[in-house]
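S.K.: Quick one: sequence plus predicted model below, questions after.
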Amino acid sequence: MPETIFTAKGLTKIYASGEVEVLALHDVDLEIGAGEVVVLLGPSGSGKSTLLNIMGGIDSATRGRLFFRDIELSALDERRLTDYRRKHVGFVFQFYNLIPSLTAYENVALVTEISDNPMRPEEALAHVGLEDRMHHFPAQLSGGEQQRVAIARAIAKRPEVLLCDEPTGALDSRTGIRVIEALLDINAKLGATVLIITHNASIQNVADRVLFFADGHITRTQKNEKRMAASELSW
Amino acid sequence: MRALDIKLFRDLRRLWAQVLAIALVVAGGVASLVMAVGSYRSLEETRTAYYERHQFADVFANVRRAPKTLATRIAEIPGVAAVDTRIAKLALLDIPNFSQPATGQIVSLPESGQPALNRLHVRLGRLPEPGSLKEVAVNENFANAHAFRPGSRFSAILNGRKRDLVVTGVVLSPEFIYAIGPGDMMVPDDRRFGIIWMSERALANVYDLEDAFSSVTLKLSRGASEPEVIDRLDALLDRYGGRAAYGRKNQASHEFLDHELDMLNNMSRTLPPIFLLVAAFLVNLTLGRLVALEREQIGLLKAVGYGSLVIASHYIKFVIVIVLIGVAIGGVAGAWLGILVTKLFGDFFRFPFLVFIQSPDLYVTAAGLSLAAAILGAIRVLRDVVTLPPAVAMQPPAPLVFRHFLPANFALGRFVSQPVMMMLRNIGHHPFRAGFTMLGMALATAILVVSLFTRDTMEQLIYVTFFMADRQDATISFIEKRPQHVVHQVASLPGVLAVEPYRQVAARIRFGNIERRIMLSGRPRDSDLSRIIDVDLRVVDLPESGLAISDMLGKVLGVNVGDSVEIDLLEERRRTISLPIVAKVEDYFGIRGMMDAGALSRLMREAPAVDSVQISFDENRREPLFDALKAMPVVSGLALQRVSLANFRETLALLITSMAGIYTGLAATIAFGVVYNGARISLSEHARELATLRVIGFGRGEVLRILLLELALLTLIAQPPGWAIGYGLAWIMRTNLAGELMRVPLTVSNLTYVLASAIVIAAAVLSALVMRQRVNRLDLVSVLKTRD
């Protein structure tokens, strides 16, 4: 097993909503290796996104401990968590979350301007095959193109972790496959650990490991002996 | 309660900070109107009631000595309802522990106690006993200035003889609400000028006026013609040494009071409408943006089956409630401030009572205007939103297609950071929204400038009047005109360094059919103590002949330099002459005519005479000088310029700056409301973008900076236009405030601009602090799950 990048011990998240408490994540233990591609599968409300958000440093656990290498994320304050996101994590969202007033190039530059050792924006866009569209605004790009800009923005800082929450959820299958292709490409070229949340079961075939979620637990882990290429996917 | 009404209530609670901020903008406008017009009406009504209850006269005349029997003939003049004759004299006073010579206006009281006209209001003690040569009643301001109570003593030189007097009562009179002593400028000096009421019998004895009078006041019946009565009265009094009679309009106290109320009225007609309109405009903008943010909820309501009209009326109800909260806050604050202002002025005028007028029409006007503006703002947005299909409305508006400012491959990003680029594009692609936001801030600055600039004008007025024009240390007035040699007499008094003689003659000036009563002053052509300053603040040398007039008088009459005016000389040998206007003078107090003293004595066909002298004196020798003046029976008073200035600052300037302070407070409230709402709505509009930035690694501070960058830029860009609009409003206000008794120069100092901007910027900083809390609470998780 490669070097461990994430270690979770007894990770629990309880959302208090009024007088009702919702147990979103229950006593999760987990290790993820550097450079792994992990797919998280499960029904809505099963805890996938909660785990991803805590790993990304945008939410905090109620109980338990989470380590990024030897940094205990569950002990960091808001300022250090921001620093952690800035240096180590790239996010890809279902609805792209691009800044509409900035071009593709500028959306990427937004991140490179605050990173320590970033790629040039055009280089990041070249990784996702959008070097010709870099002066277009989001509204002038298709959904797949927008998602690839979002990936370029996520990888431009050379992150060690790429966290993707339903990256193909809003896309048709052909475009979705291109996006998965881009994510695997980044994993291969930059060695980034990639975590993908999806409802699309066929995507599990591109992963090294698949985590099945239900009711806040990881109910099953499946290790793929052989990863399928994105081009072989269909749904 | 219907579900929509519950939603309304909850929405108001959820948005309480914004609701309050918008309500405060409305309240600022409403309060200014209710306060200003309300207090003006109350004071006006108080004055009317005071005049009526105390039988304030309509016509006044002084005479050297007229027989009492003449009163019957005066009463027979058509239109005269009541006649009151009396003895009125000026006398020098000697007050314990007050070295300066003070002046008393002695007025007689009939045997019955209260006079028929100008009845007194006794505040303390009682009126003097008939026939007593010792007992006096004094006006309250004078009593307070010397801590006089019934039983206090002082002395007066009555007809050349010093008499000891004892105070029996402290009174108020409608005739001396504003008691200006000889030589005083605009502001009463209560320490050195008092009104002293004594028994008529005793005074007649002292002044040798048995069965005679030296002053008469008349009450006219309704519909009587004042000019006709005055003409007839003048004709009757002429042979007894009558000085021209005059109506209330020219009665000193009434004239000053009128001017003060006029100023208050003009202020109330200028500032509150500006405030109200600015507030209405801002409420229109703000509520429009607030309703636009409700787009998704409107879509949802449509989707579940609510009709457009129901939804529209729900949101209109929402804005109505906000405006009504504002009207309620503004109404209460305005009424409270109105009472405060009424009391402030009522105290200053020493009204014996105050009448507070309720003005429901003001609430209706203010509420109506604010409601109309708010509803129009809501409708403007609702019209677009409710016509959308529900499915479209439920989604946020489609992202705008942004365009490049410059060719696409020209990377502006090389020069500015991406956050700056975001801001520039946001402004560039919403030019109207940015423009209106800026206009809102500019108006906030402007109403602050117009509230603050009165301080500058007061300082400029003081500078020009006290340091450029009237530079004398003191003015000595004489009981009657004196021959020229009095100048040498005064020059030889201890400590006197320079003396300049003046002669003043009452006159009517006429051009076409416009006529004014003025004082015509004869002065040395090369005067150095009291100088004439023109519109451009240059010293004017009087020509050998011809007349220089106040610029304001020129405007009133419509005359220019070179025109000739008709002058009725109202003293001595009365006659009418024609004089050319040779100069117009920028002065701030009164309307007057000035000419060479020699020319005036030629016109009067008299030997050179003097009514008053301006002097400068050695401060180290003031006591011997005061003692010497007290020993001169011809002296009626001494006005010290330094004291006049201090009084001016303490009273008139204080009143004006207090009003300015209240307006500044209201303007600051409006400014804060505008800036806060601008920032808060901008946060709602950009919440998703900002949360995304937080997720991809921007810190709280960085995100806050991005949010505030636009606010800061718009606030800063808004300042110069704000100053310009403010200057324009100040010009309007100055023009509206200009009266025949007092004008203010249009001076707006740099400090005022800086202060106005500082208040708006402080409001922006305060808003930024509130925004910081909001940015810290941005929900990062929900951003990942919601659609753009």
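M.R.: Noted; the coordinates are in hand. Numbering: from 1, shown residues only, chains lettered A, B, ... in the order given.
S.K.: pretty sure residue B:594 belongs to a strand, no?
M.R.: Yes. When the secondary structure is assigned by DSSP: H, G, I helix; E, B strand; the rest coil, residue B:594 falls within a strand.
S.K.: Could you give the bridge partners of it?
M.R.: Applying DSSP bridges to residue B:594 gives these bridge partners: residue B:521, residue B:548.
S.K.: Next up, phi/psi of residue A:38, please.
M.R.: Backbone torsions for residue A:38, taken as degrees, to the nearest 10, come to phi -120, psi 130.
S.K.: now the strands: where do they sit in chain A?
M.R.: Counting by DSSP state E, one finds strands in chain A at the ranges A:4-17, A:20-33, A:37-41, A:63-68, A:71-72, A:89-92, A:161-165, A:193-198, A:209-214, A:217-223.
S.K.: show me the contacts for the most centrally placed residue in chain A.
M.R.: Centrality entry for chain A: nearest residue to the mean C-alpha point is residue A:163, 1.2 Å, by C-alpha atoms, centre = their mean. If you count contacts by C-beta atoms under 8 Å, 6 or more residues apart in numbering or on different chains, residue A:163 has them with A:52, A:55, A:56, A:89, A:90, A:91, A:92, A:195. To be clear about C-beta, it is placed using only N, CA and C from the backbone, and glycine gets the same treatment.
S.K.: of all of chain A, which residue lies closest to chain B?
M.R.: Residue nearest to chain B within chain A (C-beta to the nearest C-beta): residue A:86, separated by 3.2 Å.
S.K.: Spatially nearest residue to that residue (excluding sequence neighbours)?
M.R.: Closest residue to residue A:86 apart from its sequence neighbours, by C-beta to C-beta, 6 or more residues apart in numbering or on different chains: residue B:697 at 3.2 Å.
S.K.: give the contact list for that neighbour.
M.R.: If a contact means C-beta under 8 Å, 6+ apart, then residue B:697 has A:82, A:85, A:86, A:87, A:89, A:111, A:114, A:115, A:157 as its contacts.
S.K.: just the contacts of residue A:163 that are near chain B?
M.R.: With C-beta under 8 Å from any C-beta of the partner chain as the criterion, the members of the contacts of residue A:163 in contact with chain B are A:56, A:89, A:90, A:91.
S.K.: Residue B:699 against residue A:77, yeah?
M.R.: No. Residue B:699 lies out of contact with residue A:77 (C-beta atoms under 8 Å); the separation is 11.7 Å.
S.K.: what ranges do the helices span in the stretch 601-750 of chain B?
M.R.: The residue ranges that make up the helices of the stretch 601-750 of chain B, judged by DSSP state H, counting those that start in this stretch, are B:622-630, B:641-650, B:652-695, B:700-737, B:750-776.
S.K.: Serialize these to JSON lines and add fields for mean pLDDT, distance to residue B:63 and mean neighbour count.
M.R.: What follows is these, written out as JSON lines (pLDDT from 0 to 100; distance: least, C-beta to C-beta, whole Å; neighbours: other C-beta atoms under 10 Å in any protein chain shown):
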{"stretch": "helix B:622-630", "mean pLDDT": "90", "distance to residue B:63": "28", "mean neighbour count": "18"}
{"stretch": "helix B:641-650", "mean pLDDT": "85", "distance to residue B:63": "30", "mean neighbour count": "17"}
{"stretch": "helix B:652-695", "mean pLDDT": "82", "distance to residue B:63": "33", "mean neighbour count": "23"}
{"stretch": "helix B:700-737", "mean pLDDT": "89", "distance to residue B:63": "37", "mean neighbour count": "19"}
{"stretch": "helix B:750-776", "mean pLDDT": "89", "distance to residue B:63": "50", "mean neighbour count": "18"}
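S.K.: returning to what we had before: just the buried ones from the contacts of residue A:163, in PyMOL syntax?
M.R.: Applying 16 or more other C-beta atoms under 10 Å in any protein chain shown to these, the buried members can be selected in PyMOL as follows:
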select buried, chain A and resi 52+55+56+89+90+91+92+195
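S.K.: which of the contacts of residue A:163 sit farthest apart?
M.R.: Taking C-beta to C-beta, the two most distant members of these are A:55 and A:92; they sit 13.7 Å apart.
S.K.: Can you pull out the low-pLDDT segments for the chain?
M.R.: All of this is about chain A. Flagging of chain A using pLDDT under 70 yields the residue ranges A:1, A:17-18.
S.K.: let's do chain B instead
M.R.: In chain B, residues with pLDDT under 70: B:1, B:390-401, B:403-414, B:535, B:783-788.
S.K.: From the recorded domain assignment, give the ranges for it.
M.R.: In terms of domains, chain B is parsed into B:1-57+B:271-391, B:88-208, B:496-617 (source: automatic domain parsing).
S.K.: I'd like the ones you listed laid out as JSON lines, including mean neighbour count.
M.R.: As requested, the domains of chain B are exported to JSON lines (neighbours: other C-beta atoms under 10 Å in any protein chain shown):
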{"stretch": "domain B:1-57+B:271-391", "mean neighbour count": "20"}
{"stretch": "domain B:88-208", "mean neighbour count": "20"}
{"stretch": "domain B:496-617", "mean neighbour count": "18"}
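S.K.: State the distance from the residue of chain B found nearest chain A to residue A:81.
M.R.: Residue nearest to chain A within chain B (C-beta to the nearest C-beta): residue B:697, separated by 3.2 Å. According to C-beta to C-beta, to the nearest Å, residue B:697 and residue A:81 sit 10 Å apart.
S.K.: With residue A:187 instead?
M.R.: Taking C-beta to C-beta, one finds residue A:187 at 24 Å from residue A:81.
S.K.: So which residues of the stretch 351-500 of chain B form strands?
M.R.: According to DSSP state E, counting those that start in this stretch, the stretch 351-500 of chain B carries its strands in the segments B:474-483, B:496-511.
S.K.: typo on my end, it should be the stretch 51-200 of chain B
M.R.: For the stretch 51-200 of chain B, applying DSSP E, counting those that start in this stretch gives strands covering B:59-67, B:80-86, B:88-95, B:98-109, B:121-125, B:135-139, B:153-158, B:161-172, B:193-199.
S.K.: Just put those in a markdown table and tack on distance to chain A.
M.R.: Written out in a markdown table, the entries for the strands of the stretch 51-200 of chain B read as follows (distance: least, C-beta to the nearest C-beta, whole Å):
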| stretch | distance to chain A |
| --- | --- |
| strand B:59-67 | 75 |
| strand B:80-86 | 79 |
| strand B:88-95 | 74 |
| strand B:98-109 | 71 |
| strand B:121-125 | 67 |
| strand B:135-139 | 71 |
| strand B:153-158 | 77 |
| strand B:161-172 | 67 |
| strand B:193-199 | 71 |
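S.K.: related to what we said a few turns ago, burial of the residue of chain A closest to chain B, as a residue count?
M.R.: Number of residues near residue A:86 (other C-beta atoms under 10 Å in any protein chain shown) recorded here: 20.
S.K.: Enumerate the positions of stretch A:165-181 that are buried.
M.R.: Residues of stretch A:165-181 classed as buried by neighbour count (16+ other C-beta under 10 Å): A:165-168, A:170-171, A:175-181.
S.K.: That stretch and chain B in contact?
M.R.: Yes. Among the residues of stretch A:165-181, A:165, A:170 lie within reach of chain B under C-beta under 8 Å from any C-beta.
S.K.: Kindly report the same for stretch A:93-109.
M.R.: Yes. For stretch A:93-109, a contact with chain B is found by C-beta under 8 Å from any C-beta, at A:93-103, A:105-107, A:109.
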